[in-house]
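Asks: 3D model of this:
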Amino acid sequence: NFTAGLAVGCIEATLIVTPFEVIKTRLQKQVNTAGVEPKYKGPIDVVVKVIREEGVRRMWSGNMPTVIRQGSNQAFNFMTMAILNKALWDKEQGDGKVLAAWQTLLNGLLAGAVGPCMNCPVDVIKTRMMAQDYTDPSKIKYKNWHQAARLIAAEEGVAALWKGLIPRLTRLAPGQAITWTVVMRVSTYFENKQKEILEEERFAKKDEQ
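Replies: Numbers count the residues shown, from 1 in each chain. As a prediction, the model looks like this:
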């Protein structure tokens, strides 16, 4: 479960999450003032201007911390969910046991909270790297993710690396609770259906004999 989650998180971070996080971060940090035309008019405009002014690779600014964040999020999420299912409700993957909705909601909520608590520093670093303008190399404050970690800790204190943890938890943990509840219901349904089919095939073979 840990390895599967890690692999999924790393792949999605590189292919999908990082470019869209760059777009989102640039739009969110933009201050719109009355009478002043904003630099970015929308998501597509962000893509066009970042590529034209800073180069294609800047669409993947902060990719390494994003990979670490997504990979660890999914790895801890998958692993913790499996551990909680076994420890709290004696449920094994593939056993067909149906848990109550409140049980999967509780497990999903706890599993979804582990990753953000562990990887909040790389999320902060990722956001700082994505938000900065790369058009003038002399003004680039954060050169890479480990230099950014040291600089943030030195200038603002180590606690600054956990800024925004509560908003992340209030977004991710309930989301994972809902996701796991749906996933568990659907997977359990198909597990039991497969068992029924296998039983029918076994009885059919006995009748033939």
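Asks: just for the protein, where's the confidence low?
Replies: Applying pLDDT under 70 to the chain picks out residues 207-209.
Asks: and the helices in it?
Replies: Using DSSP state H, the helices of the chain run over residues 2-12, 18-29, 43-54, 63-89, 101-131, 145-156, 165-208.
Asks: buried residues, the fifth one. List them.
Replies: Buried residues in helix 101-131, counted by 16 or more other C-beta atoms under 10 Å: 103-116, 119-131. No exception for glycine: its C-beta is placed from N, CA and C like everyone else's.
Asks: which elements pack onto that helix?
Replies: In terms of contacts (3 or more C-beta pairs under 8 Å, 6 or more residues apart in numbering; DSSP states H and E), helix 101-131 is packed against helix 18-29, helix 63-89, helix 145-156, helix 165-208.
Asks: would you mind finding the most buried of those?
Replies: For the helices and strands packed on helix 101-131, the stretch with the most neighbours on average is helix 63-89, a mean of 21; neighbours defined as mean count of other C-beta atoms under 10 Å.
Asks: okay, angle between that helix and helix 145-156 too, please.
Replies: Using axes from the mean of the first three to the mean of the last three C-alpha atoms, to 10 degrees, the interaxial angle of helix 63-89 with respect to helix 145-156 works out to 80 degrees.
Asks: what's the angle between helix 63-89 and helix 101-131?
Replies: Using the same axes, to 10 degrees: helix 63-89 against helix 101-131 is 170 degrees.
Asks: helices or strands up against helix 63-89?
Replies: In terms of contacts (3+ C-beta pairs under 8 Å, 6+ apart), helix 63-89 is packed against helix 2-12, helix 18-29, helix 101-131, helix 145-156, helix 165-208.
Asks: distance to residue 87 added to these, as a markdown table?
Replies: Below are the helices and strands packed on helix 63-89 laid out as a markdown table (distance: least, C-beta to C-beta, whole Å):
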| stretch | distance to residue 87 |
| --- | --- |
| helix 2-12 | 16 |
| helix 18-29 | 34 |
| helix 101-131 | 10 |
| helix 145-156 | 34 |
| helix 165-208 | 15 |
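Asks: closest to residue 80 out of these?
Replies: The minimum distance between residue 80 and the helices and strands packed on helix 63-89 falls on helix 101-131, with 4.0 Å, by C-beta to C-beta.
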